[in-house]
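In: Got a sequence here, can you model it:
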Amino acid sequence: MNAISPRRWQALIVLAAAQFMVIMDTSIIGVALPDIQRDLGFTQNTLQWVFNAYVIAFGGLLLLGGRLSDLLGARKVFTAGWIILIAGSAVAAAAGDAWIEIAGRGVQGVGGALIAPASMTLLMRLFGHDQRELGKAMALYGAAAPAGGTAGVFLGGVITEYLSWPWVFIVYIPIGVATLLAAPALLPAVGGRRGSVDVLGAIAVTAGLALAVFAIVRAPEQGWGSAATVLELAGAVVLLALFLVIQRAVREPLMPLGIWRTPGLATANLAMALLGAAWIPMWYFLNLYLQQVLDYTAFPSGAALLPMTITVMIFMIGITARLLGRFGAKPLIVIGLLVLGAGVAGLSLVRPDGAFASDVLPASIVAAIGMSLAYIPAMMSAMSGVRPEESGLASGIVNTTYQVGSALGLAVMMAIATVQGASELGNAAKLTDGFQAAFIGAGVVAAAGAVLGLLLMRTPKAGAGAAVQTETESLGA
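Out: Modelled structure (predicted):
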C-alpha cells in the first residue's frame, strides 16, 4: 500500500496547473493567429497548422505517453514532457518563418502528450487511498481543463495586444521551469515496470492523422479529385489501417482493440469526435471574423470571447455535473449537441458590417451552453463502462478522439470556407461568405452528432446510473 503524502494537496496544484497549461496551449494562440499570419507569411489556408500541429501531435501521441508513463515511471515522463514543452515553446516564440513555427508547435504537442497522462497517473497515486479525497481531487483537476481552454482565449488577447504574439509561447518557459523545480519535492517517484513500447503503432496513427489533415487542407487548391489529393487520402487510410493491424499483432499494443467491446464506449467517443469537430472550428473562425472582418485588435477580440468562456466555466463546474447526476449522460449529450448546433447556426448569420452585440454575443453564448452540456457527459459516458484497470486507457482514447475530431473538423471547415472565399484577405464580404459556410458546416456536424447520439447511445441501467451519479456529485461539490 502506498504511503499517504502529507503534501498531496500542494502536489495537486502542480498537476492541475500542468493540465491547465497543456489545454491552454490549444486556445491561447487563437487571438494571436492574425498577427502570426502577418509576421510569418502564412496563407489563410495554412494558418490552421499553427493549431493543428499541436493538436495532431498531442492527440496522436497521448496513448504512447500513457504507455511510457507506465513503463518508465510517471514522474520521469512528466518531467521529460515539460522539458520538451519548454523547448517547443522556445522554438515557436523565436520562429522566423512558417515551417519553424509549425515545428515548434508540434514539439509542444509532444510535450503535452507526455504531461497529460503522467499527471493522471500521479494524481491516482497521490489520492487513490481515499475515494472521497480522490473525488475532490478529480473535480479540481478536471476543472483545470476547461479553465485552461477558456482562459487561454482571453489571456492570448491580453498578451498579444500588450506584449507581442511570441509571448503566448514564452509564458510557458518560466512556468515550465518552476514546475520542474517543484516536481521532485512534491510529486511521488512512481516506479515503472517491464514491458515493450509500440513505437510503430504510435508512428502509424500519428502519421496517418497528419496526412489526412494535410490532404484535406490542400484539397481546395489541388482539387478534391486530383491525383495528389486521392493519393494523400489513400495514404492516410493505409497508415490508419496499418495502425489497427499493428494493434492486433503486437503483444503489448497502445490500444488493445478488445476495449471497444465495452458497452457505450464507441458511441461516446463518436460524440466526443463530433463535438470537437463542431466546437473547435466555430472557435477558430469566430476569432478570424472578429479580427479580419470586424477589425478588432487582439485585446478586444479576446475580451469579446470572454462571455463565452465564463459561460463554459459556470456550466461545467456548477451546473452540468448536477444535471448529469439527475438525468444521465444521453439526454445531456443529445441536447448539448443540438444547442451547440443552434448556436453555431446563429453565427452563420454574421454580416460583413456586423456588430458584436447582435451578430456574435447571443449565438456564442448559446453555443457555449451546448458545448458545456455535452462535454462532461460524453467523457463520463466513455469512462463509465470500462473496468478499473482500463480507466487510464479509456481516458486516453476519449481525449485522443476529441483532439482528432478537432483537427479533422477544422481541416474540413477550412476547406469549405476557402471554396466560399475565406482566403481573400481584405475583402470583408468574401471573408464573411467563407466564415458563414464554415459555421453552417460546424452546425451540421453538431446536429448530426445529436441525431447519432439519440439513435445509437443506450440509456444505462439503474445501477450504472447510480454509479455515474455518485461520481458526478463529487464533481459538482
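In: average pLDDT across stretch 425-436?
Out: The average pLDDT within stretch 425-436 is 90.
In: How many residues are close by residue 228?
Out: By the criterion of other C-beta atoms under 10 Å, residue 228 has 12 neighbours. Glycine gets a C-beta too; all of them are placed from N, C-alpha and C.
In: so where does the most centrally placed residue in the chain fall, helix or strand?
Out: In the chain, the C-alpha nearest the mean C-alpha coordinate belongs to residue 403, at 4.5 Å (C-alpha atoms, centre = their mean). Using DSSP states H and E, residue 403 falls within helix 391-419.
In: burial of the nearest residue to residue 61 once chain neighbours are set aside, as a residue count?
Out: Once flanking residues are discounted, residue 61 sits nearest to residue 113: 3.7 Å by C-beta to C-beta, 6 or more residues apart in numbering. The tally of other residues near residue 113 (other C-beta under 10 Å) stands at 33.
In: now whatever helix or strand residue 113 lives in and helix 391-419, what's the angle there?
Out: Here residue 113 sits within helix 98-127, counting by DSSP H and E. Here the directions of helix 98-127 and helix 391-419 differ by 150 degrees (axes from the mean of the first three to the mean of the last three C-alpha atoms, to 10 degrees).
In: So for helix 98-127, what gets flagged as buried?
Out: 98, 101-102, 104-127 (16 or more other C-beta atoms under 10 Å).
In: what do you get for stretch 420-428?
Out: So for stretch 420-428, counting by 16+ other C-beta under 10 Å, buried means 420-423, 427-428.
In: Restricted to helices, list these.
Out: In this view, the buried residues of stretch 420-428 that belong to helices under DSSP state H are residue 428.
In: Show me how the protein divides into domains.
Out: Residue ranges for the domains of the chain, per automatic domain parsing: 1-187, 199-253, 259-477.
In: Could you dump those domains into a markdown table with distance to residue 193 added?
Out: Output for the domains of the chain, formatted as a markdown table (distance: least, C-beta to C-beta, whole Å):
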| stretch | distance to residue 193 |
| --- | --- |
| domain 1-187 | 6 |
| domain 199-253 | 11 |
| domain 259-477 | 13 |
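In: Which element, helix or strand, includes residue 96?
Out: Residue 96 belongs to no helix or strand, assigned by DSSP H and E.
In: Retrieve the pLDDT associated with it.
Out: At residue 96, the model reports a pLDDT of 90.
In: swap in residue 474?
Out: Reported pLDDT for residue 474: 38.
In: just residue 57 next, same as before
Out: With respect to pLDDT, residue 57 scores 88.
In: just checking, it touches residue 206?
Out: Yes: between residue 57 and residue 206 there is a contact under C-beta atoms under 8 Å: 7.0 Å.
In: what's near enough to touch residue 444?
Out: Shown in contact with residue 444 (C-beta atoms under 8 Å, 6 or more residues apart in numbering): residue 341.
In: element containing it?
Out: Going by DSSP H and E, residue 444 is part of helix 428-456.
In: Mind telling me what element the residue lying closest to residue 186 once chain neighbours are set aside is part of?
Out: The shortest distance from residue 186 to any non-neighbouring residue, by C-beta to C-beta, 6+ apart, is to residue 11 (4.2 Å). Using DSSP H and E, residue 11 sits in helix 8-24.
In: in the stretch 351-477 of the chain, which ranges drop under the pLDDT threshold?
Out: Within the stretch 351-477 of the chain, the ranges that satisfy pLDDT under 70 run 388-392, 459-477.
In: which residues touch the closest residue to residue 439 other than its chain neighbours?
Out: Distance criterion C-beta to C-beta, 6+ apart; nearest residue to residue 439, sequence neighbours excluded, is residue 348 at 3.9 Å. By C-beta under 8 Å, 6+ apart, the residues touching residue 348 are 436-437, 439-440, 443.
In: quick one: buried residues of the helix holding residue 444?
Out: Neighbour-count burial for helix 428-456 flags 428, 430-443, 445-447, 449-450, 452-453 (criterion: 16+ other C-beta under 10 Å).
In: on that earlier part again, taking helix 428-456 as reference, get the angle to the helix holding residue 403.
Out: Going by the same axes, to 10 degrees, helix 391-419 makes 140 degrees with helix 428-456.
In: what's helix 391-419 packed up against?
Out: On a contact count with 3 or more C-beta pairs under 8 Å, 6 or more residues apart in numbering; DSSP states H and E, helix 391-419 meets helix 49-72, helix 98-127, helix 199-222, helix 265-288, helix 361-384, helix 428-456.
In: export these to TSV and tack on distance to residue 255?
Out: Compiled in TSV, the helices and strands packed on helix 391-419 are given as follows (distance: least, C-beta to C-beta, whole Å):
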stretch	distance to residue 255
helix 49-72	6
helix 98-127	13
helix 199-222	8
helix 265-288	11
helix 361-384	14
helix 428-456	21
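In: Nearest to residue 34, out of the ones you listed?
Out: With C-beta to C-beta as the measure, helix 265-288 is the member of the helices and strands packed on helix 391-419 nearest residue 34 (7.2 Å).
In: counting contacts, what elements does the closest one pack onto?
Out: Using 3+ C-beta pairs under 8 Å, 6+ apart: helix 265-288 touches helix 33-40, helix 329-347, helix 361-384, helix 391-419, helix 428-456.
In: Need the mean per-residue confidence for the shortest one.
Out: It refers to helix 33-40. Mean predicted confidence for helix 33-40 is 91.
In: chain center to it, what's the gap?
Out: Here helix 33-40 is found 22 Å from its chain centre; the criterion is C-alpha atoms, centre = their mean, to the nearest Å.
In: Perfect, I'm done here.
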